[in-house]
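1. 3D model of this:
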Amino acid sequence: MTLGEFLTKYCFNKSYECPSSNCEVPMLDHSRKLVYGRVCVEVTTQVVVSGTDESINGNTAPGQIYAWTYCNSCKLSSAVVPVNMSVWHLSFGKYLDYIAYSTFSKVRPYNVQFSPVQCRIIPNQYTKQALLDGVTRMASLADDIVRTAEDRLALFTKHDHYSQYAGTFHTVLRQ
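-> Numbering: from 1, shown residues only. Have a look, this model is predicted:
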């Protein structure tokens with residue numbers, strides 16, 4: 001799960017409800033504590049009403065998400081920074097690893113599992129001659145259909161009840 005998926009599903013989703021039946025607090029006002037290794041990370045969400053806060057620069061965009069860290073022990077907070085799309089698409093586990101240990105470790109190939117399903121897209125490439133042959137074949141098939149219909153109409157004219165239905169069939173077939 002990416003950081004963006006986590007935030008969208010569990011923090012910004014207004015239809016997501018607290019699992020506690022006694023809780024009536026909207027999920028946007030909840031805080032979540034995640035224990036990761038020897039570190040407890042608390043995720044809180046706030047709605048920024050206007051960009052006048054001195055910790056946020058004046059270049060605010062609608063829907064922009066900001067992040068900062070706060071230490072309960074020393075009561076210090078980091079600068080408020082906008083979350084860019086590369087962080088949004090970062091693995092949630094890697095994000096917790098970075099927040100908890102303030103380091104970045106490379107993803108090793110054996111850490112990544114891919115789906116066993118492999119999709120291949122093979123583009124269809126046709127030559128002009130192949131397209132021309134296809135059009136010629138379709139025209140030939142259309143001629144065969146018309147000839148077959150005319151032959152069957154000729155057979156029908158020899159039938160005993162031809163005069164009773166002939167006018168209707170001729171009108172329908174000639175349209």
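
2. switch to C-alpha atoms for all contacts and neighbour counts from now on
-> Noted.

3. skipping adjacent residues, who's closest to Tyr18 in space?
-> One thing to correct before we go on: residue 18 is Cys, not Tyr. The spatially closest residue to Cys18, leaving aside those adjacent along the chain, is Met27, at 6.4 Å (C-alpha to C-alpha, 6 or more residues apart in numbering).

4. give me the distance from the helix or strand harbouring Val172 to the chain's centre.
-> Secondary structure assigned from DSSP states H and E places Val172 in helix 162-173. Centroid displacement of helix 162-173 relative to its chain, using C-alpha atoms, centre = their mean, to the nearest Å, is 55 Å.

5. report all helices and strands that it contacts.
-> Packed against helix 162-173 by the contact rule (3 or more C-alpha pairs under 8 Å, 6 or more residues apart in numbering; DSSP states H and E) you find helix 128-157.

6. for the helix it packs on, name the packing helices and strands.
-> Applying 3+ C-alpha pairs under 8 Å, 6+ apart, one finds that helix 128-157 contacts helix 162-173.

7. list of residues touching the helix it packs on?
-> Residues outside helix 162-173 that contact it (C-alpha atoms under 8 Å, 6 or more residues apart in numbering) are 156-157.

8. do stretch 83-101 as well
-> With contacts defined as C-alpha under 8 Å, 6+ apart, stretch 83-101 is touched by 1-4, 6, 36, 39-41, 64-67, 103-104.

9. if we use 10 Å, what do you get?
-> 1-7, 34-41, 64-69, 102-107 (C-alpha atoms under 10 Å, 6 or more residues apart in numbering).

10. can I get that stretch as CSV, trimmed to CA atoms?
-> The C-alpha trace of stretch 83-101 is given here as CSV (Å, rounded to 0.1, in the frame of the first residue of the first chain):
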residue,chain,number,x,y,z
VAL,A,83,3.9,16.4,0.1
ASN,A,84,4.9,15.9,-3.5
MET,A,85,3.7,13.1,-5.8
SER,A,86,6.9,11.0,-5.4
VAL,A,87,6.3,10.8,-1.7
TRP,A,88,2.6,10.2,-2.3
HIS,A,89,3.5,7.1,-4.3
LEU,A,90,6.1,5.8,-1.9
SER,A,91,5.5,2.5,-0.2
PHE,A,92,3.8,3.1,3.2
GLY,A,93,6.2,0.8,4.9
LYS,A,94,9.2,2.6,3.4
TYR,A,95,7.7,5.9,4.5
LEU,A,96,7.3,4.6,8.1
ASP,A,97,10.9,3.4,7.9
TYR,A,98,12.1,6.8,6.8
ILE,A,99,10.1,8.6,9.5
ALA,A,100,11.1,6.2,12.2
TYR,A,101,14.8,6.0,11.5
